[in-house]
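Enquirer: Sequence and predicted structure, then a few things I'm wondering about:
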Amino acid sequence: MYNRILVATDGSDNAQRATRQALDLARQYGAELHAVYVIETRTGYDNAIVDPDTVRQNLREDGEEALDTIEAEGEPDVSVVTSVREGIPHEELLWYIEEQEIDLVVMGAKGRSAFKTILLGSTTEALLRADQVPVLVVNSTGE
């Protein structure tokens, strides 16, 4: 039923819950798990206090750490493909879904910041509205 499952992560608690669900589904269906972390590029840094390159590097390191954790949790019984991308999260995820022929997306209902969600829109909602592939939304209270 599912050959390629994508889990979108930002390292948040909700994303970790979604990862556990995605790993379980990948094991159950013998599917390849694609774990993607998107570095948000719409956030501006317009003062001399914050160096944008340092922020981007820190976010990349956060993403790589989150993806390394997912890869380790999948071993040895789940094939895990990881990717750090930069851009607008829902657009990057939709492109990835199409490029990799993803069958199912698993993601948390909310990301790291509720305030950011209000300002930028919900990545989860954008993927649901795109209706490109089934999306399993994992809520913040359980599995």
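Expert: Cool, the structure landed. This is a predicted model, so every value here is computed, not measured.
Enquirer: Going by secondary structure, the closest residue to residue 73 other than its chain neighbours is in what exactly?
Expert: With sequence-adjacent residues excluded and distances taken as CB to CB, 6 or more residues apart in numbering, residue 73 is closest to residue 23, at 5.9 Å. C-betas here are computed from N, CA, C, even on glycine. For residue 23, the element it lies in under DSSP states H and E is helix 13-29.
Enquirer: what's the answer for residue 35, then?
Expert: Here residue 35, judged by DSSP H and E, is contained in strand 32-40.
Enquirer: pull the CA atoms of that strand into PDB?
Expert: These are the backbone C-alpha positions of strand 32-40, laid out as PDB (Å, rounded to 0.1, in the frame of the first residue of the first chain):
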ATOM      1  CA  GLU A  32      11.200   3.300   2.600                       C
ATOM      2  CA  LEU A  33      11.100   6.300   5.000                       C
ATOM      3  CA  HIS A  34      12.100   9.700   3.800                       C
ATOM      4  CA  ALA A  35      12.800  12.200   6.600                       C
ATOM      5  CA  VAL A  36      12.900  15.900   5.600                       C
ATOM      6  CA  TYR A  37      13.900  19.000   7.500                       C
ATOM      7  CA  VAL A  38      13.300  22.300   5.800                       C
ATOM      8  CA  ILE A  39      15.300  25.400   6.800                       C
ATOM      9  CA  GLU A  40      12.800  28.300   6.700                       C
END
